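# give me coordinates for this.
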Amino acid sequence: MEISETHINTIKKILNEFAYSDESNIYQNETRIKVERESLPIPQLIFFLLNKVMQYKLGYRHDKMHWILYFSYDNTKCAVALEKFGLRFYLEDKDNYENIIRKINKAVNYIEKKILQDYAKKQMLNGNLTISNHFNMLSNMYYHFREEANKIYGKKEPDFNIDDMSSFFNTMVIKNNTGFYNTFSMIEAYFSRFEHFLAYCLFFNTDRTINIYDFYKKDFSEKFKMIFPLDIQENKLFYDEINIIKEKYRNTFSHGMFSKNGEPFYFQLDNAGMIPANLSKFKDSPHFNFVPTDEIKYEEICEQFDKIDNWLEYESSQFAWKYAESGLSLSFSDDFFNKVSPYLGDIKNFQEFINAEQMYSDMIENADY
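Numbers count the residues shown, from 1 in each chain. As a prediction, the model looks like this:
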């Protein structure tokens with residue numbers, strides 16, 4: 001990446017008290033300060049600033065350390081290091097810390113606005129992006145709310161007592177309401193995971209002409225159809241099944257209790273009263289009952305979700321599912337696609353590739369070089 005002399009000179013003026021310094025014993029002997037993320041949120045930009053722009057040489061990397069750069073500030077010895085547990089400064093004079101943070105932030109802000117903003121836009125337009133893997137987190141959310149709903153619906157109903165009807169009905173209302181709240185949260189988490197998973201499907205299941213950034217801006221239905229064309233009967237079958245749940249429950253309750261079928265609109269019919277705008281079709285709406293889902297509907301939804309997941313995991317999207325479960329970030333660069341491609345003929349070979357990538361990722365994360 002080319003940086004103009006004008007930008008470099010401006011940054012050097014901002015950091016006019018800074019200078020390169022050879023390695024010293026400051027790492028062992030001077031004040032060590034943990035940098036809170038709010039102060040310098042992106043350590044990689046500190047590396048870019050001091051190493052790539054200011055041309056400070058990397059120092060010897062110690063145990064559990066990603067990198068270290070030595071410099072001086074106002075003629076005092078300093079070092080900044082990215083270690084396993086975060087960014088650290090080593091300072092000969094700790095009173096300089098706030099000034100160093102302020103100056104670095106000013107330089108980083110300049111880099112972001114004048115250099116990286118346009119560069120980032122080009123990377124997005126070219127689809128040269130990496131996505132963080134949140135599949136397992138979203139999956140855990142889904143199964144959490146599913147289990148909570150199952151606990152509620154699985155509770156034994158209280159014995160009916162005619163002398164204490166209010167208590168009986170109150171218990172039933174609480175049960176049904178709580179069951180619905182968890183069911184809806186389960187549905188939301190499932191669709192969040194599904195939308196996240198479709199990005200992995202894009203990488204593994206389609207040609208390379210679709211831009212991941214453009215893909216992410218589309219809604220769920222558009223993404224599904226791009227990955228699984230509906231002219232294939234099996235794809236159409238699963239799309240219809242997931243779409244029923246999406247339109248009836250997820251979209252309705254995510255969009256202020258409005259859906260595409262006219263709910264909750266009513267009109268006045270002479271003196272007869274208020275009539276649902278979708279007439280007798282109202283009986284199929286979540287608005288029809290006091291509680292939109294009950295134990296039976298919950299079980300039906302879970303059955304549909306399990307059916308769709310089995311189709312994705314074992315039939316239509318094996319490689320995408322395996323990679324999503326791995327927890328590894330996914331790069332959409334041509335280099336990474338070429339690296340993965342030789343392993344896409346056999347799922348066992350692909351699992352071995354994932355195992356090797358996980359070991360490498362763990363080594364980087366733990367700074368075990």
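# burial count for residue 32?
Residue 32 is flanked by 16 other residues according to other C-beta atoms under 10 Å. Quick note: C-beta positions are derived from backbone N, CA and C, even for glycine.
# and the host helix or strand of it, C-alpha only, in CSV?
Using DSSP states H and E, residue 32 maps to strand 31-34. Only the C-alpha atoms of strand 31-34 are listed here, as CSV (Å, rounded to 0.1, in the frame of the first residue of the first chain):
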residue,chain,number,x,y,z
THR,A,31,7.0,0.7,34.0
ARG,A,32,4.6,-1.6,32.3
ILE,A,33,1.1,-0.2,31.6
LYS,A,34,-1.9,-2.1,30.3
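# could you identify the helix or strand that succeeds it?
helix 43-47.
# list the helices and strands that following helix packs on?
Helices and strands touching helix 43-47, by 3 or more C-beta pairs under 8 Å, 6 or more residues apart in numbering; DSSP states H and E, are strand 76-83, strand 86-91, helix 97-111.
# please repeat the previous calculation with a cut-off of 10 Å.
strand 65-73, strand 76-83, strand 86-91, helix 97-111 (3 or more C-beta pairs under 10 Å, 6 or more residues apart in numbering; DSSP states H and E).
# need the winner for burial among these.
Ranked by mean neighbour count, the helices and strands packed on helix 43-47 are led by strand 76-83 with a mean of 22 (mean count of other C-beta atoms under 10 Å).
# and the angle from that strand to helix 97-111?
Strand 76-83 and helix 97-111 are oriented at 60 degrees to each other (axes from the mean of the first three to the mean of the last three C-alpha atoms, to 10 degrees).
# quick one: strands adjacent to strand 76-83?
Within its sheet, and counting by DSSP bridges, strand 76-83 is paired with strand 65-73 (antiparallel), strand 86-91 (antiparallel).
# tell me the spacing between residue 131 and residue 39.
As judged by C-beta to C-beta, to the nearest Å, residue 131 and residue 39 stand 27 Å apart.
# now residue 245
As for residue 245, its distance to residue 39 is 45 Å (criterion: C-beta to C-beta).
# out of these two, which sits in the busier spot?
A direct count of neighbours by other C-beta under 10 Å for residue 245 and residue 39 places residue 245 higher, at 19 against 14.
# got the contact list for that one?
Residues counted as contacts of residue 245 (C-beta atoms under 10 Å, 6 or more residues apart in numbering) are 187, 190-191, 251, 297, 300-301, 304-305, 308.
# same thing but 6 Å
Residue 245 sits next to residue 301 when contact means C-beta atoms under 6 Å, 6 or more residues apart in numbering.
# tell me which helix or strand it sits in.
helix 233-245.
# could you list the low-pLDDT ranges of the stretch 251-369 of the chain?
Confidence mapping of the stretch 251-369 of the chain against pLDDT under 70 gives the ranges 251-294.
# helices along that one, start to end?
In the stretch 251-369 of the chain, the helices defined using DSSP state H, counting those that start in this stretch lie at 252-254, 295-311, 318-326, 334-340, 347-365.
# nearest approach to residue 85 belongs to which of those helices?
helix 347-365 (11.0 Å; C-beta to C-beta).
# fine by me, thanks again.
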